[in-house]
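Q: need a structure here:
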Amino acid sequence: MRRRPPISREAAGRRAATLSARRAARGRDDDANHQGCRRRRVSRSRDAAAGRRGDRARFHAGLAPCRVNRGRHCPLCKVHLKTLDGLLEDFEAASVSVVALSGDPAEKAAADIAEHGWRFPVGYGLSVPQMRELALYVSEPRGAQETDRAFPEPGLFLVNPEGKVQIVDISNAPFARPDLAGVLRGAKLIQERGYPMRGPLA
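A: Presented below is the predicted three-dimensional model:
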């Protein structure tokens, strides 16, 4: 498969990202006092702003996972994205379109593709307001050696053909991420059995 160039923030928003939502955890400041890797609750009722109607049609045949990563500076993100890239054919065979996003600028996204050869679309330029709209945790760099801007902690959104978030997984640290092979199995089951969105009472 050919390597794809990075896509802009706007294109990424049209494909899978800007999942039109309220910030899910109003008790964010209180939560910040807790230790460990936490998973954050997000309302299942929010629509995925996969953008305009024409863009939603791209995912009509199946599901679309949007993988938000911390950025080029994060070695654990590379491990996770390498796993995603290794499963790309399996996702596509299951009619699941994959896209990755970060807050990195275009040159860092391009460098990541050049170095690692990611074969899925790579979005860049996610702004802090957009990160918050996605209910992601946002971190400041620990120093110039890490990066030069605020960045999102990991998140995964599985968008269904109706443009709604079928599965969401959000963490406040790089050490807690979903098993992508399990996400793939779940995506297949959702499509084969018409498995509904869960968590309606949240």
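
Q: which stretches of this structure have low pLDDT?
A: Within the chain, the ranges that satisfy pLDDT under 70 run 1-62, 202.

Q: need the helices for it, in chain order.
A: 9-15, 28-31, 53-56, 75-86, 88-93, 106-116, 128-133, 180-193 (DSSP state H).

Q: closest one to Gly155 among those helices?
A: Nearest to Gly155 among those is helix 128-133 (8.7 Å), distances taken as Cβ to Cβ. Bear in mind the C-beta positions are built from the backbone N, C-alpha and C, glycine included.

Q: name the helices or strands packed onto that closest one?
A: Secondary-structure packing of helix 128-133 (3 or more Cβ pairs under 8 Å, 6 or more residues apart in numbering; DSSP states H and E): strand 138-139.

Q: between the helices of the chain, which gets nearest to Phe151?
A: Using Cβ to Cβ, these put helix 128-133 closest to Phe151, at 8.2 Å.

Q: before we move on, the earlier item: tell me the most buried of the helices of the chain?
A: Most buried of the helices of the chain, by mean neighbour count (mean count of other Cβ atoms under 10 Å): helix 9-15, with a mean of 20.

Q: re the thing from before, a markdown table for the helices of the chain, including distance to Phe157?
A: Output for these, formatted as a markdown table (distance: least, Cβ to Cβ, whole Å):
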| stretch | distance to Phe157 |
| --- | --- |
| helix 9-15 | 11 |
| helix 28-31 | 19 |
| helix 53-56 | 14 |
| helix 75-86 | 14 |
| helix 88-93 | 14 |
| helix 106-116 | 19 |
| helix 128-133 | 12 |
| helix 180-193 | 11 |
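
Q: which stretch among the ones you listed comes nearest Val99?
A: helix 9-15 (5.2 Å).

Q: Cys74 reaches Arg177, doesn't it?
A: No - if you go by Cβ atoms under 8 Å, Cys74 and Arg177 don't touch, sitting 11.1 Å apart.

Q: can you check which residues contact both of those two?
A: Residues touching both Cys74 and Arg177 by Cβ atoms under 8 Å, 6 or more residues apart in numbering: none at all.

Q: okay, now Asp179: neighbour count?
A: Asp179 is flanked by 11 other residues according to other Cβ atoms under 10 Å.

Q: tell me how far it lies from Arg185.
A: Distance, Asp179 to Arg185, by Cβ to Cβ, to the nearest Å: 9 Å.

Q: ditto for Gly103
A: From Gly103 across to Arg185, the span is 30 Å (Cβ to Cβ).
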